[in-house]
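Asker: Task: produce atomic coordinates for the following.
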Amino acid sequence: MEKQLEKEKNKRKRKLNVNQDELRTFSKKKMRKGKDKIKSVKDNRSKEEHKKINITKAEEEDEDDTDSEDDIEDREIKEGIEAEEIDGEGMDSEEGSLNEFGTGHLRWKDDMVQRAADAFLQRQKDTPNLRKLVYGVDDTENDSDDEEELGGLFTVSRKSTDEKKQRKGMNDFDSSVFPVDVVRDWTNEELKEMIADCFVTGKWSADEDAKTLLDQDDEVYGDFEDLETGIIHKAKTTEDDDDDDEEEENDDGDDKKEDGEEDQKKEMTKREKFLEKKRKLKEAFDAAYDNADGGSSYYDDLKQQMNQQAELNRKEFEDMDDDIRTQYEGFRPGMYVRVEVANMPCEFVNNFDPAYPMVIGGLLSSEENIGYVQMRIKKHRWYPKILKTRDPLIFSLGWRRFQTIPLFSIEDHNGRRRLLKYTPEHMHCMATIWGPITPQGTGFLALQTVAGRMPGFRIAATGAVTDIDKSLHIVKKLKLIGTPIKIHKNTAFIKGMFNTTLEVARFEGASVKTVSGIRGQIKKAIKTPEGAFRASFEDKILKSDIVFLRGWIPVFMPKFYNPVQTLLLPKGEKDNWTGMRTVGQLRKDNNVAVPLNKDSLYKPIERKPKVFRELRIPRELQRALPFKDKPQEKFKRKKNAISRMRAVVREPEERQAAALVHQMTTLYNERKRQERSRMAARVEEHKKKMSVLEEKKDERQKKAKREIYKLLGKMKKKPK
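Answerer: You can find the predicted model right below:
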């Protein structure tokens with residue numbers, strides 16, 4: 001034991017010597033900066049040592065108060081060794097353990113957990129005060145309670161010392177230090193049970209369960225976003241909730257509800273009231289927007305309000321006369337009124353039929369104008385015929401019924417409005433009419449005729465107004481054909497496509513194409529023939545090629561608007577109004593046949609077989625060819641060659657007939673020769689006359705040019 005005590009003393013002395021040597025090696029500059037820190041550390045160490053000395057004094061009653069620091073350390077070492085001897089298991093004696101493992105091994109291994117906990121607590125206590133290190137200690141405060149007097153009459157009021165001390169104490173508290181006064185043993189089962197329910201995994205009651213409380217908070221205080229309007233509704237604070245509760249209580253008092261409900265609300269807690277209010281708001285929101293449970297919608301509420309207002313008006317004006325009542329609320333539905341209409345035609349009065357119904361409506365000021373109206377139209381699926389462009393239709397549009405001529409068109413991908421000859425099957429198209437200006441989105445229906453009773457379905461088309469435009473941009477396809485006159489490499493002169501030079505100038509720069517697919521461009525018109533032009537192509541074309549031009553020309557629409565005037569007809573003829581008839585109806589009524597265009601008929605295509613010329617190889621090339629590749633000429637024998645070589649002896653009658661035929665042939669040939677000579681003479685004479693005329697024409701042109709140049713020269717010579 002004594003040897004062990006001496007060893008421990010020597011170790012501690014060596015440690016102290018090493019620490020002192022390290023402190024001496026610090027520079028003076030560092031020593032000045034850390035002077036306050038070192039002082040605070042030394043003070044804490046001295047306090048701890050004094051505490052240890054006092055504890056040992058209290059535990060050891062037999063020892064004196066004048067024990068030295070070395071004796072205290074000896075006693076601590078002895079107590080540690082005795083504890084090791086008591087707690088050691090599997091060791092026979094103290095000597096055996098020392099001999100087997102050594103004193104150093106037992107010393108550092110014993111009470112490792114306890115020493116680590118003590119070291120942690122010591123570090124927490126020894127943490128330096130950051131406020132003192134940064135700002136230093138402020139001793140300039142004057143804690144005197146003397147009150148300063150001004151002129152012997154007034155005193156300067158100051159805060160009490162208690163408030164100063166309290167504020168100073170709060171500022172002096174170092175929040176970076178975590179002092180631990182009592183160390184608890186967390187291995188104890190009682191302490192574990194005490195903190196077990198502080199975590200989420202603990203056993204909570206139904207009212208205090210964390211998940212339940214979070215769900216209630218989301219339901220009560222959660223924010224939500226209105227997906228229809230995009231407005232984010234924030235949760236209200238407790239102060240707003242209190243105000244809402246107070247307003248709710250005031251509203252309940254104003255509404256004078258039953259006493260039982262009021263007593264029940266008084267008994268409800270503040271949280272229950274808030275939850276009840278939120279539940280009602282949620283039900284109102286669901287009823288207004290979702291309407292999932294079949295509740296009243298916004299339209300139903302509006303209708304109910306109108307009914308309530310009508311009932312209130314009826315009760316209010318029930319005792320009034322109709323003349324006075326109409327001045328307040330106007331004419332009610334179901335009342336008989338008298339209408340005076342000015343500027344009515346006399347036929348309406350003369351042919352008035354009380355049994356024929358009339359509908360009276362009003363028009364806006366903008367609807368009284370007439371212009372181009374664009375519509376989206378579709379032929380009705382039950383109507384048996386397709387509709388043709390420029391055939392008159394009767395439209396029922398708004399308050400009007402009128403007859404007009406529509407133009408059907410369709411819009412291409414590039415925005416071009418292309419004219420259609422007929423309406424497409426089972427598909428919408430665009431229609432342009434000349435009629436009254438009507439707001440967009442107004443629906444309409446179209447009829448071919450309103451005269452008599454038609455068998456079958458008579459509604460021809462339906463649709464709606466899409467646009468109101470005062471201009472018309474509808475085009476139709478134009479295909480022109482021409483033939484080449486003269487061809488020179490990639491340039492050709494084309495005729496037959498245009499009639500005048502002005503038409504050629506209108507289409508300069510347009511693209512043309514041949515049937516074989518060679519593309520070209522119109523360049524410029526030529527003098528003769530009229531309407532011919534010069535064009536350049538990608539490749540040389542043939543004289544047999546046909547050149548065609550694809551173009552677009554605007555379509556002009558007739559401004560036809562004919563209101564249906566059935567009310568002006570006599571009583572028996574109101575259902576026989578016809579208006580303009582179609583071209584087909586006119587041909588049928590007048591027994592006129594449909595004109596036949598031969599070019600529009602389908603004809604069988606007949607192409608003559610191409611006959612190629614016989615292949616002829618030059619003689620020089622034939623000589624250079626090998627024998628197997630040389631063309632073999634096959635000489636055909638002439639038929640009746642032997643018969644030609646025979647002598648024919650004619651009879652006298654045959655000789656006379658042959659002589660007569662020979663004479664007639666000779667006379668005919670002589671007459672032809674004389675005619676040719678006379679024709680040549682006439683041609684020569686004509687050429688001479690034409691040459692004389694050409695010379696006279698040239699002289700006149702030269703003379704006119706000289707006169708023009710003289711005038712131009714005189715105009716230039718005149719001074720300005």
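Asker: low-scoring pLDDT stretches of this structure, where are they?
Answerer: Applying pLDDT under 70 to the chain flags the ranges 1-5, 9, 11-108, 124-133, 135-183, 199-268, 288-297, 634-646, 718-720.
Asker: 50 - rerun?
Answerer: 27, 55-70, 72, 80-105, 138-146, 150, 238-239, 257, 292-293 (pLDDT under 50).
Asker: max-length helix in it?
Answerer: helix 652-717 (DSSP state H).
Asker: could you say what helices and strands that helix packs with?
Answerer: With contacts taken as 3 or more Cβ pairs under 8 Å, 6 or more residues apart in numbering; DSSP states H and E, helix 652-717 sits against no other helix or strand. From N, CA and C alone the C-beta is placed, and that goes for glycine too.
Asker: got the buried residues for stretch 530-543?
Answerer: 531, 532, 533, 534, 535, 537, 541 (16 or more other Cβ atoms under 10 Å).
Asker: Which member of those residues is positioned nearest residue 554?
Answerer: residue 531 (21.9 Å; Cβ to Cβ).
Asker: ok, and the closest non-adjacent residue to the closest one?
Answerer: If the residues on either side of it in the chain are set aside, residue 531 comes closest to residue 498, at 4.1 Å by Cβ to Cβ, 6 or more residues apart in numbering.
Asker: okay but the one you found is in contact with residue 533, surely?
Answerer: Yes - with contact defined as Cβ atoms under 8 Å, residue 498 reaches residue 533; the gap is 7.0 Å.
Asker: shared neighbours, the two?
Answerer: Counting by Cβ atoms under 8 Å, 6 or more residues apart in numbering, the residues touching both residue 498 and residue 533 are residue 504.
Asker: hang on, the earlier thing: tell me the contacts of the residue nearest to residue 531?
Answerer: 480, 482, 504, 507, 531, 532, 533.
Asker: for residue 513, same thing?
Answerer: Counted by Cβ under 8 Å, 6+ apart, residue 513 has contacts 519, 520, 547, 548, 549, 550.
Asker: please redo it, this time with the cut-off set to 7 Å
Answerer: 519, 520, 548 (Cβ atoms under 7 Å, 6 or more residues apart in numbering).
Asker: quick check, it in a strand?
Answerer: Yes - the assignment for residue 513 (DSSP: H, G, I helix; E, B strand; the rest coil) places it in a strand.
Asker: who's it bridged to?
Answerer: residue 519, residue 548 (DSSP bridges).
Asker: and the contacts of residue 498, which of them are in helices?
Answerer: Those of the contacts of residue 498 lying in helices (DSSP H): residue 504.
Asker: Which of the contacts of residue 498 fall in strands?
Answerer: 480, 482, 533 (DSSP state E).
Asker: If we only consider those, which is nearest to residue 609?
Answerer: residue 482 (27.8 Å).
Asker: And the strands in the stretch 301-450 of the chain?
Answerer: Ranges of strands in the stretch 301-450 of the chain, per DSSP state E, counting those that start in this stretch, are 370-379, 393-397, 400-404, 407-411, 417-419, 429-436, 443-447.
Asker: what's the most buried one of the ones you listed?
Answerer: strand 429-436 (a mean of 23; mean count of other Cβ atoms under 10 Å).
Asker: just checking, what packs against that one?
Answerer: Strand 429-436 sits against strand 370-379, strand 400-404, strand 407-411, with contacts defined as 3 or more Cβ pairs under 7 Å, 6 or more residues apart in numbering; DSSP states H and E.
Asker: is it possible to export the ones you listed to TSV including distance to residue 342?
Answerer: What follows is the helices and strands packed on strand 429-436, written out as TSV (distance: least, Cβ to Cβ, whole Å):
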stretch	distance to residue 342
strand 370-379	21
strand 400-404	19
strand 407-411	36
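Asker: who wins for proximity to residue 352 among those?
Answerer: strand 400-404 (18.7 Å).
Asker: Quick check: can you name the pairing partners of the closest one and their directions?
Answerer: Checking strand 400-404 against DSSP bridges gives partners strand 393-397 (antiparallel), strand 561-563 (antiparallel).
Asker: CA atoms only: put the first one into PDB for me.
Answerer: So that's strand 393-397. Provided in PDB are the C-alpha atoms of strand 393-397 (Å, rounded to 0.1, in the frame of the first residue of the first chain):
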ATOM      1  CA  LEU A 393     -82.000  29.600 -97.400                       C
ATOM      2  CA  ILE A 394     -84.500  30.900 -94.800                       C
ATOM      3  CA  PHE A 395     -82.700  31.600 -91.500                       C
ATOM      4  CA  SER A 396     -84.500  31.900 -88.100                       C
ATOM      5  CA  LEU A 397     -81.900  34.100 -86.300                       C
END
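Asker: by how many degrees do that strand and strand 443-447 diverge?
Answerer: 150 degrees (axes from the mean of the first three to the mean of the last three Cα atoms, to 10 degrees).
Asker: So what's the residue count around residue 520?
Answerer: 22 (other Cβ atoms under 10 Å).
Asker: correct me, but it touches residue 512?
Answerer: Yes - between residue 520 and residue 512 there is a contact at 4.8 Å, judged by Cβ atoms under 7 Å.
Asker: Please enumerate the shared neighbours of the two.
Answerer: Contacts common to residue 520 and residue 512, judged by Cβ under 7 Å, 6+ apart, are residue 535.
Asker: quick one, what contacts residue 595?
Answerer: Contacts of residue 595 (Cβ under 7 Å, 6+ apart): none.
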